[in-house]
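>>> Got a predicted structure here, sequence first:
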Amino acid sequence: MKVLEGIRVLDLSIAMSGPFAAMKLADLGADVVKVEPTTGEWQRHAAAGGARGNEVNASFLSLNRNKRSLSVDLKSEEGGRLLRELVATADVFLQNYRPGVAQRLGVDYETLRAIKPDLVYVSVSGYGESGPYARRPGQDLLLQAMSGALFSAGEPGAAPTAAPYFLVDAFAAYSAFEGALAALFHRQRTGQGQLVEVNMLDAIIAAQMQEITVRTVGGVRQSRSEHIHAHSYIRAPYGIYPTQDGHLALSFAEPATLAELMRDPRLAVYEAERDGFDRRDEISALVEENLRTKTTAHWLETLGSAGVWCGPVYDYDQLMADPQVVHNGSFVTYEHPTEGTVTTPGFPFRLAAAPQTVERPAPVNGQHSRQVLTELGIPEDVIDRLAKDGVVHCAPVE
């Protein structure tokens, strides 16, 4: 039995944070019904990297496995009625509309709790449901920039460099997933539903628990370095260094150990805890100078065999071929009706008694409209009329 088997989730979210959170619930066995417009959710039309696919692009595939698609016009009177009928059967309702949109559509928490009092309602926003920034666009890069994190690495005077993946969206998704599980557990113990509010700003702030506390409690300011250094609150050497033929990640190495392994007595004068912060540019410059003289493979063997924390710097192809990644089964591969063989990242944790699997590929728009509406007891001829009137979209593939 799946952990969340018997739990129904209505996923009305778009883009990444909401759909990712809903997919994690689906991976645990919840029946996640993705309620999307008759034209399809926004992410279906926004192909990251230009990876458009045959009918379903890579972005949508990555965030919507194990879900069913109900394609319905919520702005129509009949569409709204269908959703309210579905809410009566649901356990979790998840949305990441801009503030005010849920109320206009009649799917705000107060309205839906009148239909289903024990409903767990998860609302994801950029900056919060209220306050001076509530109506600002909650986009990942903007939140990264605001979070303070970008000033913990890089060179003074240079433009801060953002993370090259949707970091804030991911943290917000995990926060929404965690909040939904906590509220479901609370409901199991008390019988009460509740509103769960998640915002991207709080999520990325909380993710920097250690770094921000170093500033608020320890009084240490962020300071960027002239030479390679990946984190202003970690002692040198710490970063991604060039080698003769590539790059090497180096972390928490003792200067005295490096002096011996690199045969450079200049490093021997530094004591890690005493000099690693105040003289980090000097240390980093010497380390970089030495690492450039030999290949990455040489340093991985020389440093690694001596217990120095170091590692390779991969692209995605190298990552997927790594023996530990292969051993872990970090990726899942399945067949999709329109996209063929699909390989995506798998599950970040494993349950021995209830393993997660891919039961359904990401749906095409409206693939399960007829199925979901039939479960509500709506006759076939009525569904046909709703499809003809444009209230719902029923894809030919079920």
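Done, it's in.

>>> Strands of the stretch 101-250 of the chain, residue ranges please.
Taking DSSP state E, counting those that start in this stretch as the test, the strands found in the stretch 101-250 of the chain are 120-125, 194-199, 238-242, 247-251.

>>> okay, the angle between the third one and strand 247-251?
Which is strand 238-242. Taking axes from the mean of the first three to the mean of the last three Cα atoms, to 10 degrees, strand 238-242 and strand 247-251 form an angle of 160 degrees between their directions.

>>> which parts of strand 238-242 are buried?
Within strand 238-242, the residues scored as buried using 16 or more other Cβ atoms under 10 Å are 238-239, 241. C-betas here are computed from N, CA, C, even on glycine.

>>> how far is it from where the chain is centred?
Between the centre of strand 238-242 and the centre of its chain there are 26 Å (Cα atoms, centre = their mean, to the nearest Å).

>>> With only the CA atoms kept, save that strand in CSV.
C-alpha atoms of strand 238-242 as CSV (Å, rounded to 0.1, in the frame of the first residue of the first chain):
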residue,chain,number,x,y,z
TYR,A,238,37.0,26.1,-0.6
GLY,A,239,35.8,26.3,-4.2
ILE,A,240,36.0,25.1,-7.8
TYR,A,241,39.6,25.3,-9.0
PRO,A,242,41.0,25.0,-12.6
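
>>> and that strand, what other elements does it pack with?
strand 247-251, helix 280-291 (3 or more Cβ pairs under 8 Å, 6 or more residues apart in numbering; DSSP states H and E).

>>> what do you get for the first one?
When contacts are defined as 3+ Cβ pairs under 8 Å, 6+ apart, strand 120-125 sits against helix 17-27, strand 92-95, helix 109-115, helix 167-190, strand 194-199.

>>> Columns mean pLDDT, mean neighbour count and distance to residue 352 on top of those, output as a markdown table?
What follows is the helices and strands packed on strand 120-125, written out as a markdown table (pLDDT from 0 to 100; neighbours: other Cβ atoms under 10 Å; distance: least, Cβ to Cβ, whole Å):
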| stretch | mean pLDDT | mean neighbour count | distance to residue 352 |
| --- | --- | --- | --- |
| helix 17-27 | 98 | 27 | 15 |
| strand 92-95 | 98 | 27 | 25 |
| helix 109-115 | 98 | 16 | 36 |
| helix 167-190 | 98 | 19 | 18 |
| strand 194-199 | 97 | 21 | 28 |
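
>>> Tabulate those (JSON lines), appending distance to residue 86.
Shown next, in JSON lines, are the helices and strands packed on strand 120-125 (distance: least, Cβ to Cβ, whole Å):
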{"stretch": "helix 17-27", "distance to residue 86": "15"}
{"stretch": "strand 92-95", "distance to residue 86": "9"}
{"stretch": "helix 109-115", "distance to residue 86": "10"}
{"stretch": "helix 167-190", "distance to residue 86": "17"}
{"stretch": "strand 194-199", "distance to residue 86": "19"}
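
>>> So which of these is nearest residue 217?
helix 167-190 (22.0 Å; Cβ to Cβ).

>>> okay, the angle between the closest one and strand 120-125?
160 degrees.

>>> what does helix 167-190 contact?
4, 7, 9, 15-18, 20-21, 24-25, 91-92, 94, 118, 120, 122, 124, 140, 143-144, 147, 192-194, 196, 198-200, 202-204, 206-207 (Cβ atoms under 8 Å, 6 or more residues apart in numbering).

>>> ditto for stretch 126-140
Applying Cβ under 8 Å, 6+ apart, the contact partners of stretch 126-140 are 16, 98-99, 123, 125, 142-143, 166-169, 197, 199-202.

>>> Could you find the closest non-adjacent residue to residue 380?
residue 374 (7.4 Å; Cβ to Cβ, 6 or more residues apart in numbering).

>>> Run a quick neighbour tally on that neighbour.
By other Cβ atoms under 10 Å, the residues close to residue 374 number 13.

>>> close enough to count as contact, it and residue 384?
No. Applying Cβ atoms under 8 Å as the test, residue 374 and residue 384 come out as separate, 11.7 Å apart.

>>> ok, now which ones touch the nearest residue to residue 236 once chain neighbours are set aside?
Nearest non-adjacent residue to residue 236, counting by Cβ to Cβ, 6+ apart: residue 280, 3.4 Å away. Contact partners of residue 280, counting by Cβ under 8 Å, 6+ apart, are 225, 227, 229, 235-237.

>>> now these: which count as buried?
225, 227, 229, 235-237.

>>> Looking at those residues, which is nearest residue 360?
residue 229 (45.4 Å).

>>> Quick check, the closest one in contact with residue 239.
Yes. Contact criterion Cβ under 8 Å: residue 229 and residue 239 qualify, at 5.3 Å.

>>> mind checking how far residue 261 is from residue 307?
Going from residue 261 to residue 307 by Cβ to Cβ, to the nearest Å gives 10 Å.

>>> Tell me which of those two has more neighbours.
Neighbour tally, residue 261 and residue 307, criterion other Cβ under 10 Å: the higher count belongs to residue 261, 17 against 10.

>>> Give me the three-state assignment for that one.
On the three-state scheme (DSSP: H, G, I helix; E, B strand; the rest coil), residue 261 is labelled helix.

>>> And the least confident helix or strand in the chain by mean pLDDT, what does it pack against?
Every helix and strand of the chain was ranked by mean pLDDT, DSSP states H and E. The lowest is helix 272-275, at a mean of 92. In this structure, helix 272-275 makes packing contacts with helix 255-262, judged by 3+ Cβ pairs under 8 Å, 6+ apart.
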